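*Asks:* Pasting a predicted model and its sequence here:
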Amino acid sequence: MSEHSAPGGGRAGAARRLDVYDTTLRDGAQQEGLTLSVHDKLQIAGHLDALGVGFVEGGWPGAIPRDTEFFARAAKELTLQRAVLAAFGATRRPGARAAADPQVRALLDSEAPVVTLVAKSDARHVTRALRTTPEENLAMVADTVGFLRAQGRRVFLDAEHYFDGHLADPGYALEVVRTAAEAGAEVVVLCDTNGGMLPPQVGEVVAATAAATGALLGIHAHNDSGCAVANSLAALQAGAVHVQGTLNGYGERTGNADLLTIVADLELKLGVPALPAGALREATRIAHAVSEITNVPPAARAPYYGSSAFAHKAGLHASAIRVDPDLYQHVDPQLVGNDMRMLVSDMAGRASIELKGRELGVDLGDDRDLLSRVTDRVKADEAAGYTYEAADASFELLLREHVDGRRPSYFDVESWRIIIESPAQGVRVSEATVKVHAGGRRIIATGEGNGPVNALDAALREALLPAYPELADLELVDFKVRILDASHGTDAVTRVLIETTDGRRSWTTVGVGPNLVEASWEAMVDGLTYGLLSAGVARR
Ligand SMILES: CC(=O)SCCNC(=O)CCNC(=O)[C@H](O)C(C)(C)COP(=O)(O)OP(=O)(O)OC[C@H]1O[C@@H](n2cnc3c(N)ncnc32)[C@H](O)[C@@H]1OP(=O)(O)O
Ligand SMILES: CC(=O)C(=O)O
């Protein structure tokens, strides 16, 4: 919870509460394909605390065994500096007593200082989904909130389907808010559960609800209309004091409101402090660290923290950025811990090449001829199928070739060949022979592998290791093939991207050729060459 000036509209300058409430571990985990172990959840909670959010919703104890275990382990293992843990659960069952409802008891047993209850607020859901009366639903809210408050817990109430409910039957929706607030709910969080609202509707409903009930309100938005962040901001501007969202916008269907985007918008666009001072600079690091834990690839085009958020491809953009980066970016990427990147492709101009050179530590100065030659070569290569924006290492070799007058090279290739042995029974084996010159010798080496590229890699290492023992540290970690112009069938051009690592960093190289093995060989040789070059190895 923080105190700050109102995010626009009314009450400007007045100190106002703002809760930043994260539900990655509960609603985020409802995303298709995302499964979090208790260990994952504990790690993510640590990252959220480091980011400085006010509340971390840990899950639904009593309903999901893993979440029950999360709260038990969190009580022993998690030391949060700032964030407060919240346990999520439903109001009691119809016709029961909260004190005797095992689900409500499990919320208490979680020992979370905050309990966030989900309650129906759309009269149609009360009668059709909950299959009870509107009056009994209000009793469920009052009883459950009152019981938890009497047990010393802070209670937030998530009013499910609030906006749809308010549009269909505003009187009943408002009554749910009043009932929760009167029973002691600290904040009533208005949920766009189906995610279909637009910002003006959200703003109007939040303002009308605040005026009619006087309750402290929050917003929980889903992204089905593509407006979750905008809806959250509209709610805050209309008077809400509590905003829920998830890291990386994880969540059921199209996801929840992206919490990092919301806090960045609040701080950088509306001047509202949402996180502790300086914490926003951790946004990119934390979003990517959490992607590693969830094993969901980070969204490159995510606002602010995506790897493409400040990546520039168009030559004309680069030419203006060379004068002043702010001409083509809405904020300084450092403010969210991100970096500007130049992409080199057939859309590049001289400015793109010069800036990319700077990024790679290669000074091209103002040499217009050199820049034009590199630009022309990039355009020609890209037309032939190369893609340098995905293969920075191959681009750096190309750049050095133009600056130094020769392509960096550690060995000369005389020839290579592949034999694939496919016995009628048994395992198919590829055998490669390479003839190279390195360390002042002509070397012929062979290698075997489960495929031709694997065999070539083995043979090349066998040949080069005596002269370059540093190659032992390099490993090929990813291999991507794309058939270009597939309409040519087996005659089509093949593009291969190979990622190589030295255990500390990785780089990507590209090869193009009429067949897979030729393209792979080119990308592989570039990968090893770049590895030796960046390790500062001299040609032997
Ligand atoms: C909008 C949201 O995202 S809310 C969060 C949703 N998250 C989840 O559902 C994940 C965890 N859920 C679960 O583990 C299970 O669904 C449980 C344990 C909660 C319930 O499981 P079950 O008892 O087998 O019931 P089931 O899932 O079929 O139905 C849910 C029951 O809760 C009732 N219910 C739904 N909302 C509420 C509510 N706000 N308050 C009280 N009861 C509710 C339903 O009416 C239904 O009751 P019924 O058993 O009498 O038909
Ligand atoms: C509570 C919740 O997750 C929702 O209404 O979307």
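*Replies:* That came in fine, so what should we check first? Ligands and ions are numbered 1, 2, ... in the order given.
*Asks:* Only C-alpha atoms from now on, for both contacts and neighbour counts.
*Replies:* Fine.
*Asks:* so whichever residue of the stretch 351-500 of the chain sits closest to ligand 1 is in which element?
*Replies:* Nearest residue of the stretch 351-500 of the chain to ligand 1: residue 478, at 36.3 Å (CA to the nearest ligand atom). Using DSSP states H and E, residue 478 sits within strand 475-484.
*Asks:* can you map out the strands along the stretch 101-250 of the chain?
*Replies:* For the stretch 101-250 of the chain, strands defined by DSSP state E, counting those that start in this stretch occupy the ranges 114-120, 154-160, 187-192, 217-221, 242-245.
*Asks:* Can you say which of those is nearest to residue 365?
*Replies:* Of all those, strand 242-245 sits nearest to residue 365, with 46.1 Å by CA to CA.
*Asks:* Show me how far the closest one is from its chain's centre.
*Replies:* 18 Å (CA atoms, centre = their mean, to the nearest Å).
*Asks:* now do stretch 336-343
*Replies:* So, by CA atoms, centre = their mean, the centroid of stretch 336-343 is 15 Å from its chain's centroid.
*Asks:* tell me the contacts of whatever residue of the stretch 201-350 of the chain ends up closest to ligand 1?
*Replies:* Closest to ligand 1 within the stretch 201-350 of the chain is residue 252: 7.8 Å, counting by CA to the nearest ligand atom. With contact set as CA atoms under 8 Å, 6 or more residues apart in numbering, residue 252 has these partners: 27, 28, 29, 30, 31, 32.
*Asks:* where does the stretch 401-540 of the chain dip in pLDDT?
*Replies:* Where the stretch 401-540 of the chain drops to pLDDT under 70, the residues are 486-491.
*Asks:* Do a quick rundown of the helices in it.
*Replies:* With DSSP state H, counting those that start in this stretch as the criterion, the stretch 401-540 of the chain has helices at 452-464, 516-534.
*Asks:* re earlier: how near is the residue of the stretch 201-350 of the chain closest to ligand 1 to residue 406?
*Replies:* Distance from residue 252 to residue 406, counting by CA to CA, to the nearest Å: 53 Å.
*Asks:* hang on, the earlier thing: out of the strands of the stretch 101-250 of the chain, deepest packed?
*Replies:* Most buried of the strands of the stretch 101-250 of the chain, by mean neighbour count (mean count of other CA atoms under 10 Å): strand 217-221, with a mean of 29.
*Asks:* Which strands or helices does it pack on?
*Replies:* strand 187-192, helix 228-237, strand 242-245 (3 or more CA pairs under 8 Å, 6 or more residues apart in numbering; DSSP states H and E).
*Asks:* Go through these and name the closest to ligand 2.
*Replies:* Using CA to the nearest ligand atom, these put strand 187-192 closest to ligand 2, at 4.7 Å.
*Asks:* quick one: the closest one near ligand 1?
*Replies:* No: Strand 187-192 lies out of reach of ligand 1 by CA under 6 Å from any ligand atom, never closer than 8.3 Å.
*Asks:* and the angle for that strand with strand 217-221?
*Replies:* In terms of direction (axes from the mean of the first three to the mean of the last three CA atoms, to 10 degrees), strand 187-192 departs from strand 217-221 by 30 degrees.
*Asks:* Adjacent strands (with direction) for strand 187-192?
*Replies:* Here strand 187-192 has these sheet partners by DSSP bridges: strand 154-160 (parallel), strand 217-221 (parallel).
*Asks:* Please parse this structure into its domains.
*Replies:* 18-294, 311-378, 385-407+473-540, 411-467 (automatic domain parsing).
*Asks:* Pick the most deeply packed of the ones you listed.
*Replies:* domain 18-294 (a mean of 21).
*Asks:* end-to-end on that one?
*Replies:* Counting by CA to CA, you get 28 Å between the two ends of domain 18-294.
*Asks:* How about stretch 400-415?
*Replies:* 25 Å.
*Asks:* who touches it?
*Replies:* Counting by CA under 8 Å, 6+ apart, residues outside stretch 400-415 touching it are 362, 364, 370, 373-374, 397-398, 434-438, 529, 533, 538-540.
*Asks:* Next: stretch 81-95.
*Replies:* 26, 48-50, 52-61, 98, 101, 103-104, 107, 110, 112-119, 132, 136-137, 140-141, 143-145.
*Asks:* In helices only, show me those.
*Replies:* 48-50, 103-104, 107, 136-137, 140-141, 143-145 (DSSP state H).
*Asks:* separation between the closest residue in space to residue 473 that isn't next to it in sequence and ligand 1?
*Replies:* Sequence neighbours aside, residue 502 is the residue nearest to residue 473 in space, at 5.4 Å (criterion: CA to CA, 6 or more residues apart in numbering). Per CA to the nearest ligand atom, to the nearest Å, residue 502 is found 43 Å from ligand 1.
*Asks:* how near is residue 502 to residue 334?
*Replies:* As judged by CA to CA, residue 502 and residue 334 stand 27 Å apart.
*Asks:* helices or strands up against the helix or strand where residue 370 lies?
*Replies:* Secondary structure assignment for residue 370, by DSSP H and E: helix 368-384. For helix 368-384, the packing partners by 3+ CA pairs under 8 Å, 6+ apart come out as helix 350-360, helix 392-404.
*Asks:* Just to check, the residue of the stretch 351-500 of the chain closest to ligand 1 is in contact with residue 496?
*Replies:* No: contact criterion CA atoms under 8 Å: residue 478 and residue 496 do not qualify, at 10.3 Å.
*Asks:* Okay, residue 167 and residue 196: tell me how far apart.
*Replies:* 12 Å.
*Asks:* Contact residues of this structure facing ligand 1?
*Replies:* Going by CA under 6 Å from any ligand atom, the residues of the chain near ligand 1 are 63, 64, 90, 91, 92, 93, 118, 119, 120, 129, 130, 193.
*Asks:* For residue 478, give the beta-bridge partners.
*Replies:* Here residue 478 sits in beta bridges with residue 499, going by DSSP bridges.
*Asks:* How about residue 412?
*Replies:* The partner residues for residue 412, given DSSP bridges, come to residue 437.
*Asks:* from now on call the first residue 42
*Replies:* Right, with 42 as the first residue, what we last looked at is residue 453.
*Asks:* That one and ligand 2: what is the separation?
*Replies:* 62 Å.
*Asks:* show me what contacts residue 274?
*Replies:* 303, 307.
*Asks:* Check the secondary structure at the closest residue to residue 93 other than its chain neighbours for me.
*Replies:* The shortest distance from residue 93 to any non-neighbouring residue, by CA to CA, 6+ apart, is to residue 316 (5.6 Å). Three-state assignment for residue 316 (DSSP: H, G, I helix; E, B strand; the rest coil): coil.
*Asks:* Look up how far ligand 1 lies from residue 193.
*Replies:* When CA to the nearest ligand atom is the yardstick, residue 193 and ligand 1 sit 21 Å from each other.
*Asks:* Now do the same for residue 338: its pLDDT.
*Replies:* At residue 338, the model reports a pLDDT of 92.
*Asks:* what sits against it?
*Replies:* Counted by CA under 8 Å, 6+ apart, residue 338 has contacts residue 332.
*Asks:* now swap in the one 5 residues further on and tell me
*Replies:* Residues near residue 343 by CA under 8 Å, 6+ apart: 289, 349, 350.
*Asks:* In three-state terms, label it for me.
*Replies:* coil.
*Asks:* The one 3 residues further on too?
*Replies:* Following three-state DSSP, residue 346 is assigned to coil.
*Asks:* now residue 340
*Replies:* Relying on three-state DSSP, one would call residue 340 coil.
*Asks:* and the spatially closest residue to it that is not a sequence neighbour, how many neighbours?
*Replies:* In this structure, residue 340 finds its nearest non-sequential neighbour in residue 347, 6.0 Å apart by CA to CA, 6+ apart. Neighbours of residue 347 under the rule other CA atoms under 10 Å: 19.
*Asks:* just residue 511 next, same as before
*Replies:* Neighbours of residue 511 (other CA under 10 Å): 16.
*Asks:* Could you check how far it is from residue 80?
*Replies:* 37 Å.
*Asks:* again, but for residue 547
*Replies:* 27 Å.
*Asks:* Please consider this matter closed, and thank you.
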